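Asker: here's my sequence, what's the structure:
(one chain, ligands or ions: 1)
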Amino acid sequence: MSKTQGTEKIVNPLQESALNKKGLCDYVINVASGCLHGCTFCYVPSTPAIRTRQISLRNQGVRDPQMDWGEYLFVREEIPEKLEQILSRKKSWRNTRAGKGVTLLCSGTDPYQNHKTAKVTRKTVEVLLNHNKRVRILTRGLLWVKDIDILQNPNVTVGMSLPNLSDEQSHKIEPQAPPPSERYKALVKGYKAGCRLYIAAAPTPPNMEFEDFKIHLGKLMELEPEVIFWEPINARGTNGKRMLAAGVEFIGSVMNKKTWAEYFLRQWEAIEKAAEHIDCKERLHIWPDRGLKEYVEDVRLLESWWYRPTVEKWEAASPTLMSSDSLNSSPETSSVIGSTLDQQISSEVVKV
Ligand code: SF4
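Answerer: Below is the predicted model:
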């Protein structure tokens, strides 16, 4: 299938985010609609960011915005210019306890998936840093290493999604993303250059167990990431269908809510045990899904992770965050990507 590509306009690229629930950020900037990496488990197409735009995406030439995820990309080239205008006028800055005033690029696409998005990302990061803002990059792409000159900054942390290091498995479930072995090499370059790093060890496939986590975490710790986020695959919206269509057999066994919860809790226990074993438990940051509520004895186990700040050392950086308009703000006041908080939380709209 040929890819549908183009550009699109955006009124306000800087969106308040509810992803402080996951310890990620207080703002997000998405440099595009769509993502050419087309990971089969990605649930961005089932979130309001895409669901509410089906008609306009069809008008832009996309046949089926959900099932054709990975086949279209509309880059928002004007973001740096618009962002500069916004930041020049902005008098307050959201700075919650878990979001730490950070801006995430990106929650609904990959900032470094190709040269076009990389160009917008670089300029956007420059604008944020000029305004002394904290930046979190999250990518599966390799092009960020070309931007090490600006990313090597105490106000920036760079993270890559690395569920495991199996190129073979990745080829099935993230067919258009660079293989994990290449992602790891990119991280080594960033590490050697002194970039602050973190890892999203997510989403881990059901076949990973204690020994696999031990090996994986051991390899990741060689990069000294400040934090390692973790979650398994969450079958949501059309991602189960897309995984089945891509021949990812194991998804059938975790599409049922009970088997999914068992898989989540089994891996949670295994990765914590593995982290204890190699002495990195304090860096492990769990993203428990609220769908687990009916499967845990004490819901406080889940709640203890929601809105928990990571152990990252942003304080060592030198932000002069503008006055916080919502310091430790209750999440109920937030809105994200034009959606309600409930929609946001239920969609957990971060691609990993
Ligand atoms: S998980 Fe990330 S990289 Fe993969 S398709 Fe979704 S947005 Fe793109």
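Asker: quick one: the residue of the stretch 101-250 of the chain found nearest the ligand and Gly240, what's the gap?
Answerer: Per Cβ to the nearest ligand atom, Asp110 is where the stretch 101-250 of the chain lies closest to the ligand, at 4.0 Å. The way it works is simple: take the backbone N, C-alpha and C, and place the C-beta from them, glycine included. Distance check for Asp110 against Gly240: by Cβ to Cβ, to the nearest Å, it reads 21 Å.
Asker: quick one on the thing from earlier: I'd guessed the residue of the stretch 101-250 of the chain closest to the ligand sits against His37; true?
Answerer: Yes. Using Cβ atoms under 8 Å, Asp110 is in contact with His37, at 5.4 Å.
Asker: so Gln5 sits in a helix?
Answerer: No. If the criterion is DSSP: H, G, I helix; E, B strand; the rest coil, then Gln5 is strand and not within a helix.
Asker: what pLDDT does the model give it?
Answerer: According to the per-residue confidence, Gln5 scores 97 in pLDDT.
Asker: what of Gly240?
Answerer: We note a pLDDT of 87 for Gly240 in this prediction.
Asker: how about it: what's its closest non-neighbour residue?
Answerer: Spatial nearest neighbour of Gly240, chain neighbours left out: Met255 (4.9 Å); criterion: Cβ to Cβ, 6 or more residues apart in numbering.
Asker: find residues that contact each of Asp110 and His37.
Answerer: Listed contacts common to Asp110 and His37 are Arg140, Gly141, Ala177; contacts here mean Cβ atoms under 8 Å, 6 or more residues apart in numbering.
Asker: pipe those residues into CSV and attach pLDDT, neighbour count and secondary structure per row.
Answerer: Shown next, in CSV, are the shared contacts of Asp110 and His37 (pLDDT from 0 to 100; neighbours: other Cβ atoms under 10 Å; DSSP: H, G, I helix; E, B strand; the rest coil):
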residue, pLDDT, neighbour count, secondary structure
Arg140, 98, 26, coil
Gly141, 98, 24, coil
Ala177, 97, 24, coil
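Asker: near the ligand, from the residues you listed?
Answerer: Contacts with the ligand within these, counted by Cβ under 6 Å from any ligand atom: Arg140, Ala177.
Asker: could you pull out the helices in the stretch 151-300 of the chain for me?
Answerer: Shown for the stretch 151-300 of the chain, the helices assigned by DSSP state H, counting those that start in this stretch span residues 167-173, 180-192, 210-221, 239-245, 257-277, 300-303.
Asker: and Asp110 and His37? Which one has more around it.
Answerer: In this view Asp110 and His37 are compared by other Cβ atoms under 10 Å, and Asp110 has more residues nearby, 29 against 23.
Asker: next, that one: phi, psi?
Answerer: The phi/psi pair for Asp110 (degrees, to the nearest 10) reads phi -110, psi 120.
Asker: and it, what does it touch?
Answerer: Residues in contact with Asp110 (Cβ under 8 Å, 6+ apart) are Cys35, Leu36, His37, Thr117, Thr139, Arg140, Gly141, Ala177, Lys351.
Asker: how much space is there between the residue lying closest to Ile10 once chain neighbours are set aside and Lys82?
Answerer: Residue nearest to Ile10 in three dimensions, not counting chain neighbours: Arg76, with 4.8 Å by Cβ to Cβ, 6+ apart. In this structure, Arg76 lies at 9 Å from Lys82, with Cβ to Cβ as the measure.
Asker: what sits in contact with each of those two?
Answerer: Ile10, Pro13.
Asker: how about the residues of this structure by the ligand?
Answerer: Close to the ligand, as judged by Cβ under 6 Å from any ligand atom, the chain has residues Cys35, His37, Gly38, Cys39, Cys42, Val44, Thr109, Asp110, Arg140, Ala177, Lys351.
Asker: redo those residues as CSV? Include secondary structure and distance to Trp314.
Answerer: Putting the residues of the chain next to the ligand into CSV (DSSP: H, G, I helix; E, B strand; the rest coil; distance: Cβ to Cβ, whole Å) gives the following:
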residue, secondary structure, distance to Trp314
Cys35, coil, 27
His37, coil, 28
Gly38, coil, 32
Cys39, coil, 28
Cys42, coil, 28
Val44, helix, 26
Thr109, coil, 24
Asp110, coil, 23
Arg140, coil, 24
Ala177, coil, 28
Lys351, coil, 22
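Asker: looking at those residues, which is nearest Val158?
Answerer: Each of these was checked against Val158 using Cβ to Cβ; the closest is Arg140, at 12.1 Å.
Asker: what residues does that closest one make contact with?
Answerer: Contact analysis of Arg140 by Cβ under 8 Å, 6+ apart lists His37, Cys39, Asp110, Gln113, Met160, Ser161, Glu174, Ala177, Pro178, Arg183.
Asker: let's see the pLDDT reported for the residue sitting furthest away from the middle of the chain.
Answerer: Relative to the centre of the chain, the most outlying C-alpha is that of Glu297, 28.7 Å out, by Cα atoms, centre = their mean. According to the per-residue confidence, Glu297 scores 95 in pLDDT.
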